[in-house]
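Colleague: Sharing a model that was predicted from the sequence below.
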Amino acid sequence: QVQLAESGGGLVQAGGSLRLSCAASGLTFSNVHMGWFRQAPGKEREFVGSISWSGGSTYYADSVKGRFTISKDNAKNTVFLQMNSLKPEDTAVYYCAARRGTYFTTKDHEYDYWGQGTQVYVSS
């Protein structure tokens, strides 16, 4: 059974930083692409970034490029989203997702598994 568990959300002032974690289990990690998405109130869920578990290649949405960094810890089967220089518009529920295969995609419906989400509030 695949499980994804996000943690690390909270309240932070604009300009601050947070690190989200996604602990994964039940996956064949040599053939997985991990993504981060977010959904703000009244808006559609949007792609934030992703990482290929085997090769480590990362991809980012333009809105977070240069501020957010995705990394992974193979030993702990955990993916991280380091968020720096946070802005009020980054406020959202952040979701971790996994896709079987190493194909990169920004489309949420192409991901097979999802975590429960973690809330991030950025105050101005």
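Modeller: That came in fine, so what should we check first? Every value quoted in this text rests on a predicted model; they were computed, and no experiment measured them.

Colleague: Would you list the phi and psi of N31?
Modeller: phi -140, psi 50 (degrees, to the nearest 10).

Colleague: Helices of the protein, start to end?
Modeller: Counting by DSSP state H, one finds no helices in the chain.

Colleague: Spatially central residue in it, please.
Modeller: W36 (2.3 Å; CA atoms, centre = their mean).

Colleague: Please name the residues that touch that one.
Modeller: When contacts are counted by CB atoms under 8 Å, 6 or more residues apart in numbering, W36 touches 20, 22, 47-50, 70, 79, 81, 94-97. Where C-beta positions appear, they are placed from N, C-alpha and C, glycine not excepted.

Colleague: which of the residues you listed lies closest to L4?
Modeller: C96 (4.9 Å; CB to CB).

Colleague: Can you give me the distance of that closest one to S123?
Modeller: According to CB to CB, to the nearest Å, C96 stands 24 Å off from S123.

Colleague: about what we covered before: just the buried ones from the contacts of W36, in ChimeraX syntax?
Modeller: A single ChimeraX command selects the buried members of the contacts of W36 (16 or more other CB atoms under 10 Å):
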select :20,22,47,48,49,50,70,79,81,94,95,96,97
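
Colleague: Now render the contacts of W36 as TSV, adding distance to T58.
Modeller: Formatted as TSV, the contacts of W36 follow (distance: CB to CB, whole Å):
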residue	distance to T58
L20	15
C22	14
F47	12
V48	11
G49	6
S50	7
I70	5
V79	10
L81	11
Y94	16
Y95	17
C96	14
A97	15
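
Colleague: Next, format the contacts of W36 as TSV and append pLDDT and distance to Q1.
Modeller: Formatted as TSV, the entries for the contacts of W36 read as follows, by pLDDT from 0 to 100; distance: CB to CB, whole Å:
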residue	pLDDT	distance to Q1
L20	98	22
C22	97	16
F47	98	26
V48	98	25
G49	97	26
S50	96	22
I70	97	24
V79	96	18
L81	98	24
Y94	98	23
Y95	98	18
C96	97	16
A97	97	16
